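# what's the 3D shape of this:
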Amino acid sequence: ISIAEAFKRIEDAVQQLDPAAVDPEEALGCRLAVDVDAPFDVPQFASSSMDGIAIRFDDLAGAGPWRLRVQGVVGAGDVPERPLSRGCAVKVMTGAPLIDGADTVIRIEDVRFEDDQVIVGHRPQLGKDVRPVGDDIRMDESLFKKDTTITPVDVGVLASIGRTSISVTPRPRVSIFSTGSELVRPGEELLPGRLYDSNLIVLRSLLGKLSIKPRVVEKPVPDDPARIARTLRQCLKKSDLVISTGGVSVGDFDYLPEIVDRLGGDTIFKKVKVKPGKPCVLAKFPSGWFIGLPCNPVSVVATYHLYVRRLVSRLMGFPTSVRSGSGVLQDRLTVTGNRFCLVGARLKETSDGVVANAALKQKSNRLASIKGVNGFVMMDETVRSLKAGELAYVEWL
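Coordinates of the predicted model:
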């Protein structure tokens, strides 16, 4: 199928996850599933906005300067035991509660102290430097509407009203595993014919950019259909989305398309007219989604960009658009064949716009051929060559 048809099938088939209650910090970047109103005033007490003295305004009668006896000191978190006496003042720290009887604060820089007295030279405005009850948030105030995307500051607002959980459309629970008898984990002995498994590391890093910490099957699964099927079944029990690499093409050891059918998966697509990454299996299971990416490492990065990001966006209830635009090619770029092509590129924003340095020696089996890329030049199947200085359609990885 075409890349456009693959995108349409994802749009049509993938629905957002059911709401879940999560810790507000876990809600960062998620969409609220409910409206949130303030259950009480914040703060629930009047307080000082400055280090200074708290006074009763009426005690500054007549002409100044005025002398007031210092009754005590109130710090943030203190609870004054008795009200302010007539003709007295208390030293207050920023954020300290306003003692009963006081209604005005004078900055510490604007007064001077002599023994147990404070001398006030100028009459302030009534209520000066006092934070009233509800100065930040009023009880029953509408704080957030449903579908609001939670920002870091919003997490703090939720904490300020004491929320320890909030209902959101959550991030999907993701499991990842690699297949291939030739693969070993970095750190193990590299015997003849073996390769270190870079795909799992790349996937984990890419998902980390989406604030997803996947459950990882650390050891590569060998090309054994029974073991692959068992791994997939186990992952599906614990995940909303399972991602694998390898075993999805047409070779003798490419078992995953058949395994998906045997385990009851509804295949959405398994070949897309795109380069790199033509073989790719997307399937819906009763318990969640599975996507099998190719084995070649550059193809893994490309198909992650094309499909996994879209899957995660759909599951979280977001539009599936990616950051895109036009970039000026720094070198001539030529591709072969008749498929939609992605070419890794280093994209840089300048005062004159985006410039794109394409990975001119990209090969799907050579991960180092796209080292340093942060995006792709996307070339429609009707475009096979672009000149240096031409504008190309680019997407950020």
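
# Can you show me the strands along the stretch 251-397 of the chain?
266-271, 274-275, 279-285, 288-293, 324-329, 333-334, 340-350, 353-358, 375-379, 385-386, 391-396 (DSSP state E, counting those that start in this stretch).

# With Val174 as the reference, name the closest of those.
Distance to Val174, taken as Cβ to Cβ, is lowest for strand 288-293 among these, at 9.6 Å. To be clear about C-beta, it is placed using only N, CA and C from the backbone, and glycine gets the same treatment.

# Let me see the residues that make contact with that closest one.
Under the contact criterion Cβ atoms under 8 Å, 6 or more residues apart in numbering, strand 288-293 has outside partners 14, 172, 199, 232, 236, 239-248, 256-257, 260, 265, 277, 280-284, 299-300, 303-304, 307-308, 311, 315.

# re the thing from before, which of the strands of the stretch 251-397 of the chain sits closest to Ala54?
strand 340-350 (51.7 Å).

# counting contacts, what elements does that closest one pack onto?
Counting contacts by 3 or more Cβ pairs under 8 Å, 6 or more residues apart in numbering; DSSP states H and E, strand 340-350 packs against strand 274-275, helix 297-303, strand 353-358, strand 375-379, strand 391-396.

# deepest of those, which one?
By mean neighbour count, with neighbours taken as mean count of other Cβ atoms under 10 Å, helix 297-303 ranks first of these at a mean of 26.

# Residues touching that one, excluding its own?
Contacts of helix 297-303 (Cβ under 8 Å, 6+ apart): 198-199, 202-203, 206, 245, 274, 276-277, 280, 291, 293-294, 342, 344, 362-367, 369-370, 376, 397.

# Quick one: distance of it to the chain centre.
On the basis of Cα atoms, centre = their mean, to the nearest Å, helix 297-303 sits 22 Å off its chain's mean C-alpha point.

# could you dump the strands of the stretch 251-397 of the chain to CSV with distance to Pro186 and mean pLDDT?
Below are the strands of the stretch 251-397 of the chain laid out as CSV (distance: least, Cβ to Cβ, whole Å; pLDDT from 0 to 100):
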stretch, distance to Pro186, mean pLDDT
strand 266-271, 30, 97
strand 274-275, 28, 97
strand 279-285, 25, 98
strand 288-293, 19, 98
strand 324-329, 33, 97
strand 333-334, 33, 96
strand 340-350, 22, 97
strand 353-358, 28, 97
strand 375-379, 26, 97
strand 385-386, 37, 96
strand 391-396, 28, 97
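
# Look up the pLDDT of the closest residue to Glu25 other than its chain neighbours for me, please.
Spatial nearest neighbour of Glu25, excluding adjacent residues (Cβ to Cβ, 6 or more residues apart in numbering): Val155 at 5.7 Å. With respect to pLDDT, Val155 has a value of 97.

# Give me the phi and psi angles of Val155.
phi -60, psi -40 (degrees, to the nearest 10).

# who touches the helix ranked longest in the chain?
For the chain, the longest helix by residue count, based on DSSP state H, is helix 225-238. Helix 225-238 has contacts (Cβ under 8 Å, 6+ apart) with 173, 175, 177, 179, 215, 217, 221, 242, 244, 247, 255-256, 258-260, 262-263, 285, 287-288, 290.
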